[in-house]
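*Asks:* Structure, please.
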Amino acid sequence: MYERAREAYAAGDYESAIVWLRRAAAAGHPVAQKDLGDCYFYGLIVEQDYDAALRWYRTAAVGGDPEARFSLGHMYEYGIGVSQDREQALDWYRRSAIVGSSEAMIRLGGMFLFGEGVDVDVEEAILWFTRAAEAGEARALYNLGVIYETGRSGQRDYEAALSYYLQAAEAGNPRARCKLGSLYRRGEGVEQDLAEAARWFLLAAESGDARGQYEYGLMLYQGEGVERDEEEALRWLQMASEADYTPARTFLEELDDR
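*Replies:* This is a model prediction of the structure:
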């Protein structure tokens, strides 16, 4: 039944899709139950109904679905369709993480790092980010890099930060690429290397990161680590400005005023 629901949805036959999805959910298919919860939560195919979303998420969660457990945590954390309850949110995120949700691991890491609904516990944050990183989450690797770079772990550890940023950057995380660019530009934890800084900012820029576009454009404009190229610099700076990156917009406005 669940496969028939998926086939009908892919074919654009939404009326049949919701019929088969409801049947699969009623028959006890956890993923179908979670998907039906999504339909009610987002108002897809059916009218938005947070009560129904909560009911189906809870049913799927009891059946062990990690995404349904995460969705329940999200609803309780932000008070969507329910009274806000950070303790319930934490409980559902833990249950989701235990059955493998890397998204829940990252959220738990953030809650413990910033004290959102819990006491700040950096060691607990590191534990959850590490588990998410081991599951292949580049965002978790980036977050670990930030913890060690800023000394949230007790003292700054640029070697550890660099290692995590490199892993995240190689996995395609643009924010990690920008961090590497900054470290090489300032010579923090590594020997200063402006050409290497420019390379990382370019990689971030090419992946659509507005800060990377700004930083690379600035290096081009100043001839820092790369051959000066004003035309190319302005192209990247304009892209960052159009992405609503304030420093880029300010820089271009100041150029116009000269």
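*Asks:* May I have the helix or strand hosting Ala204 as PDB, with CA atoms only?
*Replies:* Using DSSP states H and E, Ala204 maps to helix 194-206. The C-alpha coordinates for helix 194-206 follow below in PDB (Å, rounded to 0.1, in the frame of the first residue of the first chain):
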ATOM      1  CA  LEU A 194      47.100  34.100   1.600                       C
ATOM      2  CA  ALA A 195      47.000  32.000  -1.600                       C
ATOM      3  CA  GLU A 196      45.600  29.100   0.400                       C
ATOM      4  CA  ALA A 197      43.100  31.400   2.000                       C
ATOM      5  CA  ALA A 198      42.000  32.600  -1.400                       C
ATOM      6  CA  ARG A 199      41.600  29.000  -2.600                       C
ATOM      7  CA  TRP A 200      39.300  28.100   0.300                       C
ATOM      8  CA  PHE A 201      37.200  31.300  -0.100                       C
ATOM      9  CA  LEU A 202      36.900  30.600  -3.800                       C
ATOM     10  CA  LEU A 203      35.600  27.100  -3.100                       C
ATOM     11  CA  ALA A 204      33.100  28.500  -0.700                       C
ATOM     12  CA  ALA A 205      32.100  31.100  -3.200                       C
ATOM     13  CA  GLU A 206      31.600  28.600  -6.000                       C
END
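*Asks:* Buried residues of it, list them for me.
*Replies:* Neighbour counts using 16 or more other C-beta atoms under 10 Å place Leu194, Glu196, Ala197, Ala198, Arg199, Trp200, Phe201, Leu202, Leu203, Ala204, Ala205 of helix 194-206 among the buried residues. To be clear about C-beta, it is placed using only N, CA and C from the backbone, and glycine gets the same treatment.
*Asks:* Summarise which helices and strands the helix-or-strand element of the chain with minimal mean pLDDT is packed against.
*Replies:* Scoring the helices and strands of the chain by mean pLDDT, DSSP states H and E places helix 2-10 at the bottom, with a mean of 83. Packing partners of helix 2-10 (3 or more C-beta pairs under 8 Å, 6 or more residues apart in numbering; DSSP states H and E): helix 14-26, helix 30-42.
*Asks:* What residues sit buried inside it?
*Replies:* Neighbour count says helix 2-10 has Tyr2, Ala5, Arg6, Ala8, Tyr9 buried, by 16+ other C-beta under 10 Å.
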